[in-house]
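>>> Sequence and predicted structure are below.
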Protein chains: 2
Amino acid sequence: MSDDARILIAEMGARARAAARVLAAAPTAVKAAALRGAAAAIRADGHVILAANARDLERARDLSAAMRDRLALSPDRVEGAAAAVAAVAALPDPVGAVIDRSVRPNGLALARVRVPIGVVGIVYESRPNVTADAGALCLMAGNAAILRGGSEAAESNRAIHAAFARGIAAAGLPADAVQLVPIADRAMVGAMLAADDVLDLVIPRGGKGLVARVRAEARVPVLAHLDGNNHVYVHADADPAMARAVVLDAKLRRTGVCGAMETLLIDRDYPEPARLVEALQAAGCEVRGDPGEASIGEMVVPATAADWDTEYLDAICAVKLVDGLDEAVAHVARHGSGHTDAIVAADAGVAERFLGAVDSAIVLWNASTQFADGGEFGLGAEIGIATGRLHARGPVALEGLTTYKWVGRGSGQVRG
Amino acid sequence: MSDDARILIAEMGARARAAARVLAAAPTAVKAAALRGAAAAIRADGHVILAANARDLERARDLSAAMRDRLALSPDRVEGAAAAVAAVAALPDPVGAVIDRSVRPNGLALARVRVPIGVVGIVYESRPNVTADAGALCLMAGNAAILRGGSEAAESNRAIHAAFARGIAAAGLPADAVQLVPIADRAMVGAMLAADDVLDLVIPRGGKGLVARVRAEARVPVLAHLDGNNHVYVHADADPAMARAVVLDAKLRRTGVCGAMETLLIDRDYPEPARLVEALQAAGCEVRGDPGEASIGEMVVPATAADWDTEYLDAICAVKLVDGLDEAVAHVARHGSGHTDAIVAADAGVAERFLGAVDSAIVLWNASTQFADGGEFGLGAEIGIATGRLHARGPVALEGLTTYKWVGRGSGQVRG
């Protein structure tokens, strides 16, 4: 990595660290006012932001339609970004919350108290609204943020960031609380990932390539979202109408989201496997499976071994018949990605066995995997869905952006 | 790293993963019985363990006296190791505990439930009792463990591990739940640190060199304990008798522990700074400070800039006079290591400002920094004191060896 990149990140980091100290002590009302100010500034700068976005889109003519769509802003999308920032201002402040308390036999009173993590790096692609919503979540949790957006969205990000920073500064918080890396050079990402003296945490938001690079290179702890190779297991006793509704929603409500079902496991004793396959096909979904299965073999596209490990993010579904709960659980353990897996079953005992045995960030009984979302879980927002095992799992919002410290209050205790 | 090491760790990892599935579902009573069995087996094998230790000590004749002391076992130390394992069996089981619950407006009932982390690697040096106590903590939290002790303790570790594994197997748990890397080759450590598909977490226990190597090389998440460059700030209004007692205990109860005070900050308005220095010196402590200070300058060994950043782990103390709380907080922010820092003060408002502003894993008011210990904090044990910011901070015991999953129970909800 270049020295220039390293020096710039170190300088931004020093300013972020100073801002983080102010933020850690900032009252909830001040942080909320700052975010409302940021939302208002984004609204006020709508035309500036849209003009900047038009220049980004002009430069991005060679990108795919999907990437251009993620990059493109509209008056509605700008309003959505502002509204998201204002919504974060209304969330409960996690900082200062007491996790637990105890009084030791010697009279020392202990409490674990939530505190901000410190300085958080966000590395993201395409969608310029991340500039606003990641900044808002970090700030409300008392963290300074260093944002590094994709070069394709450089002007849009700069315009949104300028409004955001003006809004929070007007509320008396340091503008350095949320900084945008000014140079759209890939070396900056490398410098961030190496800077374990600058960043306490880095969160990648983007496609698999970005997340893989961050995970491979980072010396800084990473909160990352990997694949969502999610399963729905339809147990033998599942209500067919419920199974059909859950399966169709899990696969097809939106096929491109990380909570989408990718493999359907149908119990061999479930009475209507062909009906489930038919329903998916009738809704426009390609179904892949074992052509040797008597009940569904003639309906499916032959599956290969790779299908069980594939996150299609498309209207394609792998289907497998399994001999009961244990085989379903074993299949999920072998092929799942630890994101979200569901069972449809009438029997509570069966369901609880599945919920206990499947070790994913989210396990669901009689509900669609597409609920995997911070908003749906009542968190008010999300910075991502963590598929690692430490610190935070599943949807991560304000609490996941905090840590804790032990506070002990004594009266002169010595250990002696 | 050698292919042999990589292959061996992968094989041990596959067995550990299978064992972890069994452990994750094991009832508390079974885990506790297994640990009581392990404790009994260690006691029964006392002579075998001591004989193995004698062979290690024979090979270790060239090591320093301190290292030989850490390595040496006695009947008391073997009994201590067995008792520690039995004590873990009596701790509350964190697995299955519900962190919080909610019911969404659509009726979906959500809970966050504690689950084991999975497979934990422990890399340690010298003290053979770590083989027993780290294995016990991992097992009680439902994790499989892969232990890699130092080559100097190879025979002692093997003997303790053999007893431990026999004890847990007798209770019906897989012996692979706690495995000991059989080859005392440094390449094995490298293979563990690289194996992010095998280990979910690695915990180094040992000196600075080991921890630094683990942090630098690990592709696996690390829960590490770095320096304890701890401070006591004696505020102007501190009760002199309390200040003296806390300072002496914090520095001198045991000088080699990570919770020992290394720098004493005395408020310039505190009436008796020289008395505190005198008390430390009378107790055999070298005191380093600014010879230009009127009140204490003639008493102290001149300090250099490096003293403020030094963890002495010895009967040496840096002393600095500060102009009030803000300078004390700023000094800790600049030179502290985020481990444990304390204030001695009568005024609660002053103390709360210190507790809020100092961002260390443990902050204390009117209590000795030497309370930084899982046992003293009521955790029953500790696998270490974490000085990182994510997942767990301060003393880490069973809860810190768990993570959580989201469990949702519905009645056919779809996102629609």
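Right, received. Where do you want to start?
>>> So A:Gln370 is in contact with B:Arg415, correct?
Yes. A:Gln370 is within contact range of B:Arg415, at 4.3 Å (criterion: Cβ atoms under 8 Å). Quick note: C-beta positions are derived from backbone N, CA and C, even for glycine.
>>> who's in contact with stretch A:35-48?
Contacts to stretch A:35-48, defined as Cβ atoms under 8 Å, 6 or more residues apart in numbering or on different chains, come from residues A:49, A:75, A:78-79, A:81-83, A:85-86, A:88-89, A:132, A:135-136, A:139-140, A:159-160, A:162-168, A:170-171.
>>> which SS state does A:Pro204 fall under?
Three-state assignment for A:Pro204 (DSSP: H, G, I helix; E, B strand; the rest coil): strand.
>>> For it, which non-adjacent residue is spatially closest?
Using Cβ to Cβ, 6 or more residues apart in numbering or on different chains and skipping the chain neighbours, the partner closest in space to A:Pro204 is A:Val214 (4.0 Å).
>>> where's that neighbour, which helix or strand?
For A:Val214, the element it lies in under DSSP states H and E is helix A:208-217.
>>> Now find how far off-centre the following helix or strand past that helix is within its chain.
For helix A:208-217, the succeeding helix or strand toward the C-terminus, using DSSP H and E, is strand A:230-234. Offset of strand A:230-234 from its chain centre (Cα atoms, centre = their mean, to the nearest Å): 21 Å.
>>> and the angle for the helix or strand following strand A:230-234 with strand A:230-234?
Using DSSP H and E, the helix or strand that follows strand A:230-234 in sequence is helix A:240-252. For helix A:240-252 against strand A:230-234, the angle by axes from the mean of the first three to the mean of the last three Cα atoms, to 10 degrees is 170 degrees.
>>> For helix A:240-252, which outside residues touch it?
Contacts for helix A:240-252 (Cβ under 8 Å, 6+ apart): A:230, A:232, A:234, A:260-261, A:264, A:270-272, A:275-276, A:279-280, A:283-285, A:315, A:317, A:342, A:344, A:366-370, B:412, B:414-416.
>>> Now do the buried residues in it.
Of the residues in helix A:240-252, A:Met242, A:Ala243, A:Arg244, A:Ala245, A:Val246, A:Val247, A:Leu248, A:Asp249, A:Ala250, A:Lys251, A:Leu252 count as buried by neighbour count, 16 or more other Cβ atoms under 10 Å in any protein chain shown.
>>> Okay, buried residues for the strand ranked longest in chain A please.
For chain A, the strand with the greatest residue count under DSSP state E is strand A:402-413. Buried residues in strand A:402-413, counted by 16+ other Cβ under 10 Å: A:Thr402, A:Thr403, A:Tyr404, A:Lys405, A:Trp406, A:Val407, A:Gly408, A:Arg409, A:Gly410, A:Gly412, A:Gln413.
>>> Convert the C-alpha atoms of that strand to PDB, please.
Only the C-alpha atoms of strand A:402-413 are listed here, as PDB (Å, rounded to 0.1, in the frame of the first residue of the first chain):
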ATOM      1  CA  THR A 402     -21.500  -0.800  20.900                       C
ATOM      2  CA  THR A 403     -19.300  -2.700  23.300                       C
ATOM      3  CA  TYR A 404     -19.300  -2.500  27.100                       C
ATOM      4  CA  LYS A 405     -17.000  -1.600  30.000                       C
ATOM      5  CA  TRP A 406     -17.000  -2.800  33.600                       C
ATOM      6  CA  VAL A 407     -17.700   0.000  36.100                       C
ATOM      7  CA  GLY A 408     -16.800  -0.700  39.700                       C
ATOM      8  CA  ARG A 409     -17.800   1.600  42.600                       C
ATOM      9  CA  GLY A 410     -16.200   0.900  46.000                       C
ATOM     10  CA  SER A 411     -15.400   2.400  49.300                       C
ATOM     11  CA  GLY A 412     -11.700   1.800  49.500                       C
ATOM     12  CA  GLN A 413     -11.600  -1.900  48.900                       C
END
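>>> Could you figure out how far that strand is turned away from helix B:240-252?
Inter-element angle recorded for strand A:402-413 and helix B:240-252: 120 degrees (by the same axes, to 10 degrees).
>>> next one: strand A:402-413 to chain centre, how far?
Centre to centre, stretch against its chain (Cα atoms, centre = their mean), the figure for strand A:402-413 is 32 Å.
>>> likewise stretch A:309-327?
Centroid separation for stretch A:309-327 versus its chain: 23 Å, with Cα atoms, centre = their mean.
>>> Kindly check the end-to-end length of it for me.
End-to-end distance for stretch A:309-327: 16 Å, by Cα to Cα, to the nearest Å.
>>> just the helices in the stretch 51-200 of chain A please.
A:65-71, A:75-89, A:129-140, A:154-170, A:186-194 (DSSP state H, counting those that start in this stretch).
>>> Quick one: closest of those helices to chain B.
helix A:186-194 (11.9 Å; Cβ to the nearest Cβ).
>>> Run through who's touching the closest one.
Applying Cβ under 8 Å, 6+ apart, the contact partners of helix A:186-194 are A:1-2, A:4-6, A:8-9, A:121, A:123, A:146, A:148, A:181, A:198-199, A:202, A:213-214, A:217-220.
>>> Whichever of the residues you listed end up buried, select them in PyMOL.
This is the PyMOL syntax for the buried subset of the contacts of helix A:186-194, where burial follows 16+ other Cβ under 10 Å:
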select buried, chain A and resi 1+5+6+8+9+121+123+146+148+181+198+199+202+213+214+217+218+219+220
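>>> Looking at the stretch 101-250 of chain A, which residue is nearest chain B?
In the stretch 101-250 of chain A, the residue found nearest to chain B is A:Asp249; the distance is 3.6 Å by Cβ to the nearest Cβ.
>>> just to revisit the earlier point, remind me what the longest strand of chain A packs against, helices and strands.
Where contact means 3 or more Cβ pairs under 8 Å, 6 or more residues apart in numbering or on different chains; DSSP states H and E, strand A:402-413 is packed against strand A:109-116, helix B:240-252, helix B:348-357, strand B:362-367, strand B:394-396.
>>> Tell me what angle the longest one forms with strand B:362-367.
What it means is helix B:240-252. Counting by the same axes, to 10 degrees, helix B:240-252 lies at 140 degrees to strand B:362-367.
>>> ok so, going back, which pair of the buried residues of strand A:402-413 spans the longest distance?
A:Thr402 and A:Gly412 (31.2 Å; Cβ to Cβ).
>>> near chain B, which residues of the stretch 151-300 of chain A?
For the stretch 151-300 of chain A, the residues in contact with chain B (Cβ under 8 Å from any Cβ of the partner chain) are A:Asp200, A:Leu201, A:Pro221, A:Asp239, A:Met242, A:Ala245, A:Val246, A:Leu248, A:Asp249, A:Ala250, A:Arg253.
>>> can you list the weak-confidence ranges in the stretch 301-416 of chain A?
Applying pLDDT under 70 to the stretch 301-416 of chain A flags no residue at all.
>>> Using TSV, lay out the helices and strands packed on strand A:402-413 together with distance to A:Leu398.
Shown next, in TSV, are the helices and strands packed on strand A:402-413 (distance: least, Cβ to Cβ, whole Å):
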stretch	distance to A:Leu398
strand A:109-116	9
helix B:240-252	35
helix B:348-357	19
strand B:362-367	22
strand B:394-396	22
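>>> B:Gly388: which of those is closest?
Closest to B:Gly388 of those is strand B:394-396 (Cβ to Cβ; 10.3 Å).
>>> Contacts for that closest one, please.
Strand B:394-396 is contacted by residues A:405-406, B:223, B:340, B:361-362, B:372-374, B:377, B:379, B:382-386 when judged by Cβ under 8 Å, 6+ apart.
>>> Check those against B:Gly349 and report the nearest one.
B:Gly349 lies nearest to A:Lys405 out of those, by Cβ to Cβ, at 19.2 Å.
>>> for the closest one, what are its contacts?
For A:Lys405, the contacting residues are A:Arg112, A:Val113, A:Val115, B:Asp359, B:Ser360, B:Ala361, B:Ile362, B:Val363, B:Arg393, B:Gly394, by Cβ under 8 Å, 6+ apart.
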